[in-house]
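Visitor: Show me how the following folds:
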Amino acid sequence: MSDEANTENHDARIVIRNLLHLEGSPYELAEDARRGLTSSPKWMPPKYFYDARGSELFERITAQPEYYQTSTELEILQRIAPLIVDRVRPTALIEFGSGSASKTRVLLDEMRRAGQLGAYGMLDVSEAASRAAAVALVATYPRLEVECVIADFEQPQPLPFPGRRRLLAFLGSTIGNFEVEAAQAFLRGPAERMRDDDAFLIGFDLVKDRETIERAYNDAAGVTEAFNRNLLMVLNRELGADFDPSAFDHKAFYNESASRIEMHLVAKRAQSVRVTDLDMTVEFAPGETLRTELSHKYTRRSVEALLEAGNLALDMWETDPDQKFALGLARRR
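Guide: Okay, here's the model as predicted:
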């Protein structure tokens, strides 16, 4: 397929490159589903939550009163954005898992105030969310260039705007969704592509009391429950499965020994689920779980170890007064 076939220009300042279209089905869903649904215990990677509906549900999760992560990270970001921009002096902001890019505007505003705003690059799995964010951003920032790379950013991807001084951002503690070894491998990808004057801003949800953490993943409005079940709808649509989402309960709990939230779908009864595109049937016993997400919680010490294994070094560390969340600025080692 030619570059023209996977690049769409809706505005002279917006370029959308959908690398997923080049690969056929989204990401490696068939392979991941075959491996995860035949494992014991069963699991699926959380990246498959984020179709258009899942992205919209996640935005609603971030607005729930129990979900402290978004508001706390935003408070820190608003406080330290001038320090970050002064320290890095970026002319391009590159964001992994950008979604609606709401928190990103804090950094873009500060770059504009400093006279350094030139470009914004997104790497995200949702074309719909990226397209909407790009259109909104160029309306707000008339001289901004936007490049959206629709791709599985867990895999090494070329970083947009290689000729500019870049601030990379991975916010929302999305890094916590990776197993430790996978997080280390992910960080090595950008580290290899960063220049010495680039920097990487990463959000980390911190270890704290169990009640606060578990409430954030079990909101009273049931939005996280709907988000969790949406994964089954993705499997039904993309792989011809016949999951009944109402036949599974949402369960999220804090695994203290591993310092992580585990999110599961729990079968209410015995079930046989047909996955037509994989030519397989998946059996669930009553009470059997499908793990859909991990969300690791960190300390400064564990962050420094993680960054070191990813060929990065901590350059700046800021938390909120209650030590719920942290932003770390890292440089290439």
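Visitor: okay, CA-based contacts and neighbour counts for the rest of this
Guide: Noted.
Visitor: other SSEs contacting the lengthiest helix in the chain?
Guide: For the chain, the helix with the greatest residue count under DSSP state H is helix 68-88. Under the contact criterion of 3 or more C-alpha pairs under 8 Å, 6 or more residues apart in numbering; DSSP states H and E, the helices and strands touching helix 68-88 comprise helix 104-113, strand 199-205, strand 312-319, strand 325-332.
Visitor: Which of the ones you listed sits closest to D242?
Guide: Distance to D242, taken as C-alpha to C-alpha, is lowest for strand 199-205 among the helices and strands packed on helix 68-88, at 35.3 Å.
Visitor: CA atoms only for whichever helix or strand comes after that closest one - export them in CSV, please.
Guide: Sequence-wise, the next helix or strand beyond strand 199-205 is helix 210-216, with elements assigned using DSSP states H and E. The C-alpha trace of helix 210-216 is given here as CSV (Å, rounded to 0.1, in the frame of the first residue of the first chain):
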residue,chain,number,x,y,z
ARG,A,210,-5.9,0.1,49.1
GLU,A,211,-9.2,1.8,49.5
THR,A,212,-8.3,4.9,47.4
ILE,A,213,-6.8,2.7,44.7
GLU,A,214,-9.7,0.3,44.5
ARG,A,215,-12.4,3.0,44.5
ALA,A,216,-10.8,4.5,41.3
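Visitor: what mean pLDDT would you report for helix 210-216?
Guide: What helix 210-216 shows for mean pLDDT is 98.
Visitor: from the chain's centre, how far out does that helix sit?
Guide: 20 Å (C-alpha atoms, centre = their mean, to the nearest Å).
Visitor: same deal with stretch 70-77?
Guide: In this view, stretch 70-77 has its centroid 16 Å away from the chain centroid, taken as C-alpha atoms, centre = their mean.
Visitor: can you pull the buried residues of it?
Guide: In terms of neighbour count (16 or more other C-alpha atoms under 10 Å), stretch 70-77 has its buried residues at 70-74, 76-77.
Visitor: which regions of the stretch 101-250 of the chain sit below the pLDDT cut-off?
Guide: Per-residue confidence of the stretch 101-250 of the chain (counting by pLDDT under 70) places the weak regions at 101.
Visitor: repeat that for 80
Guide: Applying pLDDT under 80 to the stretch 101-250 of the chain flags the ranges 101-102, 125-126, 128-129, 155-156.
Visitor: Which stretches in it count as strands?
Guide: Read by DSSP state E, counting those that start in this stretch, the stretch 101-250 of the chain holds these strands, from start to end of the chain: 119-124, 145-150, 166-170, 199-205, 248-255.
Visitor: Tell me the strands beside the longest one, with direction?
Guide: So the one you mean is strand 248-255. strand 260-267 (antiparallel) (DSSP bridges).
Visitor: that older thread, adding mean neighbour count, write the strands of the stretch 101-250 of the chain out as a markdown table.
Guide: Converted to a markdown table, the strands of the stretch 101-250 of the chain look like this (neighbours: other C-alpha atoms under 10 Å):
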| stretch | mean neighbour count |
| --- | --- |
| strand 119-124 | 26 |
| strand 145-150 | 25 |
| strand 166-170 | 23 |
| strand 199-205 | 24 |
| strand 248-255 | 19 |
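Visitor: Of these, which is nearest E318?
Guide: Nearest to E318, of all the strands of the stretch 101-250 of the chain, is strand 199-205, at 9.9 Å by C-alpha to C-alpha.
Visitor: hmm, back to that, which residues outside the longest helix of the chain are in contact with it?
Guide: If you take C-alpha atoms under 8 Å, 6 or more residues apart in numbering as the criterion, helix 68-88 is touched by 62-63, 103, 106-107, 110-111, 114, 167, 172, 197-199, 203, 205, 216, 318-320, 324-327.
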